[in-house]
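Trainee: Please work out how this folds:
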Amino acid sequence: QVQLQESGPGLLKPSQTLSLVCIVSGESITTAHYVWNWIRQPPRKGLEWMGAIAYDGSTFYQPSLEMRTSISRDTSKNQFSLQLRSVTPDDTAVYYCARGEVGSDFSRFEEYDYWGQGTQVTVSS
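Mentor: Next up is the predicted model:
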């Protein structure tokens, strides 16, 4: 059984950097042809795909967030990470990690087969 678990700070101040980790069990993040994604849902809004890292280490970003976002991985720990710089209150959301497959449309969330439970991140001064 594949399991994903997000971890990170729940509260940040504006201009800080958000760092989240997704710990994966039951499947290696280097197994072809999976893609490991970060998705968020702001209050009263829909899901937003933020970016992903594929089994081969290649990365993909939402164009509107690309300047502030970095996604990396630690294959020895079977985990991948998200950094979002210069956060504002607009970055307040529940953040999820999820597994997809190479070739799938990043915005077709119904095609992601495993999700973490989500972690609440609030940006407030």
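
Trainee: show me the contacts for the residue positioned nearest the centre of the chain.
Mentor: The centroid of the chain falls nearest to Trp38 when counting by CA atoms, centre = their mean (2.0 Å). Counting by CB atoms under 8 Å, 6 or more residues apart in numbering, Trp38 makes contact with 20, 22, 49-52, 71, 82, 95-97. (Glycine included, C-beta is placed from N, CA and C.)

Trainee: Given the strand or helix carrying it, what are its sheet partners and their directions?
Mentor: For Trp38, the enclosing helix or strand under DSSP states H and E is strand 34-41. Take DSSP bridges as the rule and strand 34-41 pairs in its sheet with strand 48-54 (antiparallel), strand 93-101 (antiparallel).

Trainee: Using a markdown table, lay out the ones you listed together with mean pLDDT, distance to Asp113 and mean neighbour count.
Mentor: What follows is these, written out as a markdown table (pLDDT from 0 to 100; distance: least, CB to CB, whole Å; neighbours: other CB atoms under 10 Å):
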| stretch | mean pLDDT | distance to Asp113 | mean neighbour count |
| --- | --- | --- | --- |
| strand 48-54 | 97 | 14 | 21 |
| strand 93-101 | 97 | 6 | 22 |
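
Trainee: Alright, I will stop here.
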